[in-house]
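>>> The sequence and its predicted three-dimensional model are supplied below.
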Amino acid sequence: MASLPRSRILALLSVPLLLLAGCTTDAVTGENPRIPAATSAAQLRPGDSLTVALQGIPDPSSHPVQIDEQGLISLPYIGTITAAGATTSELAQRIRETYIARNFYTAMDVSVSVTERYIYVGGEVTRPGRIIWTPDLTLAKAIQSAGGFTLYARETRVSLVRDQQAYDLNVKLAQRNPAQDPLMMPGDSVQVPRSPF
């Protein structure tokens, strides 16, 4: 039986070491990418919950509405109106002008306030779904609000989508270094992938 050359033996011995190295988790070093702020946090987005108050008219009323996937809301008498992309003051002006242009009222006051805004967390978390956004909500807090990671989560390669751009983030790094834990913006989407091992 011929003996194997020394280089071949070393190569065969290194295969299990490479496989074991692939099973370890990614190191908690380095930096997360810098994520630009959303185009405008003040702009309304699909999914935002609003209260539209119609005042200065014979029948003042308040209407809870939610911006649908097409960016629209629906109000009495005027039907649907585009809300996404506008600020609350722009939307209030648009609603006022529509009511007056359609001769429902000659003068009125409209106020729009945001009641709830959301971010979305999916994938390998205990409770995937939407989470109410607050100005101090960070990526690590969003994961905690979704019940934390499952056993199969790949914590070092979490995808955050903002303004149709995706960023890969290491949540372990964010948990250890608050400077690496980005603030979430309304409408952000977080996807936690499954670990390959």
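Sure thing, it's come through.
>>> my guess is residue 56 meets residue 108, correct?
Yes: Residue 56 is within contact range of residue 108, at 4.9 Å (criterion: C-beta atoms under 8 Å). Where you see a C-beta, it was placed from the backbone N, CA and C, and this is true even at glycine.
>>> Which one's more surrounded, these two?
For residue 56 and residue 108, the more surrounded residue by other C-beta atoms under 10 Å is residue 108, and the numbers stand at 15 against 11.
>>> pLDDT score assigned to that one?
pLDDT, the model's per-residue confidence, is 94 for residue 108.
>>> quick one: contacts for it?
54, 55, 56, 57, 96, 99, 100 (C-beta atoms under 8 Å, 6 or more residues apart in numbering).
>>> please redo it, this time with the cut-off set to 6 Å
56, 57, 96 (C-beta atoms under 6 Å, 6 or more residues apart in numbering).
>>> how many other residues sit next to residue 31?
When neighbours are counted by other C-beta under 10 Å, residue 31 comes out with 10.
>>> Next one: residue 110 relative to residue 123, how far apart?
Computed as C-beta to C-beta, to the nearest Å, the residue 110 to residue 123 distance reads 40 Å.
>>> Please read the previous query as pertaining to residue 65.
Counting by C-beta to C-beta, the gap from residue 65 to residue 123 is 30 Å.
>>> Same question for residue 51.
Here residue 51 is placed at a distance of 32 Å from residue 123 (C-beta to C-beta).
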